[in-house]
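1. Give me coordinates for this.
(one chain, ligands or ions: 1)
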Amino acid sequence: MVILIERDREALSRAAADVVSSAMTRSPSLRLGLAAGTTPVGLYQELVHRHRAGHLDCSRTVVFGLDEYLGLPPEHVASFHSFFHRHLLDQANFDPRHVHLMNGAPTGDAASSCDGYEQTIRGAGGIDLQILGIGLNGHLGFNEPGSSLAARTRPVLLSDETRAALKTGAGYHEDIPDSALTLGLGTIQEARTLLLMASGAGKAAPLAKALEGPVTASLPASVLQCHPNVLVICDESAAAMLARRDYYRRASRFGQRGGLGQPGAGGVEEPGWGG
Ligand code: GLP
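-> The predicted structure follows:
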């Protein structure tokens, strides 16, 4: 795991955009997992900016979504489907044939649609790079505390604290459903590389527990400790409760000298975020 601590959200967004855009450039048909939430918005803006400046081609990137509200049709303004289109997909040259987002209003049974979504991911060859945020209660995607660390993609009930956080988040709709579809923690762990972004003081406690506490279903993001290729990019406020943050700073500089491999410098197959 490599942990990069950036000054603020703007620097965090730029650092994440460096990683994602260099992975897209190295591997034009990269299978990229997108996350919703306020944290990655700056990353998406940065990618759009690079595309418009002629530095980033998205036409072959294969896109998946991490989660979706259950009960909101794709065209609903508050759906994650709309979010991804508004902030990224409609702003650059993504090919609709390569965009695979969850449908929050499936025609049949929601659990079967989740199974079908897993098959789509598998059929595409798996996710190369999964972008993630962390919830205030340590959730990953919509895997709430208590989720199996091996869970598959499925319908889930949202916790009260998650619904409350979603209602106050920028750009979110008032009418948040009580359930959702999410990639499972087991599914997320199958992605070849994971990029976790965390910003703001509210994320300091869950981030410290996730990275330095025990691996437990009570704190779903702690499952990241079991993945061999994780890059965490956080800002100073989110890093405030990391007991070993000085070591992480030195370790990431060591990585940049070639000791661990520089994030974004290796291939997608070998990004150098291990250890
Ligand atoms: C939602 C999403 C998560 C996201 C989390 C944090 O619950 N399902 O994938 O990581 O919010 O969002 P934010 O970045 O707005 O804090």
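2. For residue 29, which non-adjacent residue is closest in space?
-> residue 60 (4.5 Å; CB to CB, 6 or more residues apart in numbering). (Each C-beta comes from the backbone N, C-alpha and C, glycine too.)
3. how about the helices in the stretch 151-275 of the chain?
-> In the stretch 151-275 of the chain, the helices defined using DSSP state H, counting those that start in this stretch lie at 160-168, 185-189, 204-212, 236-239, 245-256.
4. how about the longest one: buried residues?
-> Buried positions in helix 245-256, judged by neighbour count with 16 or more other CB atoms under 10 Å: 245, 248, 251, 252, 255.
5. ok, which pair from the residues you listed is furthest apart?
-> Longest distance between any two of the buried residues of helix 245-256 is 15.2 Å, between 245 and 255; criterion CB to CB.
6. what does this structure put close to the ligand?
-> Contact residues (CB under 6 Å from any ligand atom) of the chain with the ligand: 35-39, 66-67, 133-135, 141-142, 162, 169.
7. Just the buried ones from the residues you listed?
-> 35, 36, 37, 39, 66, 67, 133, 134, 135, 141, 142, 162.
8. Could you save those as CSV and add columns showing pLDDT?
-> Output for these, formatted as CSV (pLDDT from 0 to 100):
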residue, pLDDT
35, 98
36, 96
37, 94
39, 97
66, 98
67, 98
133, 98
134, 98
135, 97
141, 98
142, 98
162, 92
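9. just the residues you listed now: which is nearest residue 75?
-> Among those, and counting by CB to CB, the member closest to residue 75 is residue 36, at 15.8 Å.
10. just checking, that closest one touches residue 84?
-> Yes: taking CB atoms under 8 Å as the definition, residue 36 is a contact partner of residue 84 at 7.0 Å.
11. what touches both of the two?
-> Shared contacts of residue 36 and residue 84, defined by CB atoms under 8 Å, 6 or more residues apart in numbering, are found at residue 65.
12. Which parts of stretch 27-34 count as buried, going by neighbours?
-> Those would be 27, 30, 31, 32, 33, 34, for stretch 27-34 by 16+ other CB under 10 Å.
13. Repeat that for stretch 177-188.
-> 177, 180, 181, 182, 183, 184, 185, 186, 187, 188.
14. can you pull up the bridge partners for the second one?
-> Read that as residue 180. residue 69, residue 156 (DSSP bridges).
15. Tell me who's in contact with the closest residue to the ligand within the stretch 51-200 of the chain.
-> Across the stretch 51-200 of the chain, no residue is closer to the ligand than residue 133, which sits at 2.5 Å (CB to the nearest ligand atom). The contact partners of residue 133, by CB under 8 Å, 6+ apart, come to 35, 36, 37, 39, 40, 196, 197, 198.
16. Skipping adjacent residues, who's closest to the third one in space?
-> Nearest residue to residue 37, sequence neighbours excluded (CB to CB, 6+ apart): residue 133, at 4.4 Å.
17. Tell me how far that neighbour lies from residue 46.
-> Here residue 133 is placed at a distance of 16 Å from residue 46 (CB to CB, to the nearest Å).
18. and what of residue 73?
-> 29 Å.
19. With residue 244 instead?
-> 28 Å.
20. Mind checking which of the two has more residues around it?
-> residue 46 (21 against 13; other CB atoms under 10 Å).
21. Next up, identify which helix or strand the more buried one is on.
-> Per DSSP states H and E, residue 46 falls inside helix 41-52.
22. tell me what that helix is packed against?
-> Using 3 or more CB pairs under 8 Å, 6 or more residues apart in numbering; DSSP states H and E, the elements in contact with helix 41-52 are helix 9-26, helix 80-87.
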